[in-house]
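1. quick one: sequence and predicted model below, then my questions.
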Amino acid sequence: RRGELALLLTAKCISSLHQLYFSVMGLLPRTTIQID
């Protein structure tokens, strides 16, 4: 059971990191366009 819990936490952490990464990658081009 403990292994499943750790796996679940890891999956949540990875998914949140993916969301953060994609939101940053989505924001960066807009900011660079505004700077230009």
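-> Cool, got the structure. Residues are numbered from 1 along each chain as shown.
2. which stretches of the chain have low pLDDT?
-> Counting by pLDDT under 70, the chain has low-confidence residues at 31-36.
3. what about the helices in it?
-> For the chain, applying DSSP state H gives helices covering 2-35.
4. from R30, how far off is V24?
-> 11 Å (C-beta to C-beta, to the nearest Å). Just so you know, the C-beta spots here come from the backbone N, C-alpha and C atoms, and that holds for glycine as well.
5. check Q19 too.
-> Taken as C-beta to C-beta, the span from Q19 to R30 is 17 Å.
6. with G3 instead?
-> G3 is 42 Å from R30, by C-beta to C-beta.
7. how about A11?
-> From A11 over to R30 (counting by C-beta to C-beta), the distance is 30 Å.
8. and if you look at L5?
-> 38 Å.
9. same deal with R1?
-> In this structure, R1 and R30 are 44 Å apart, going by C-beta to C-beta.
10. who has more neighbours, those two?
-> R30 (9 against 5; other C-beta atoms under 10 Å).
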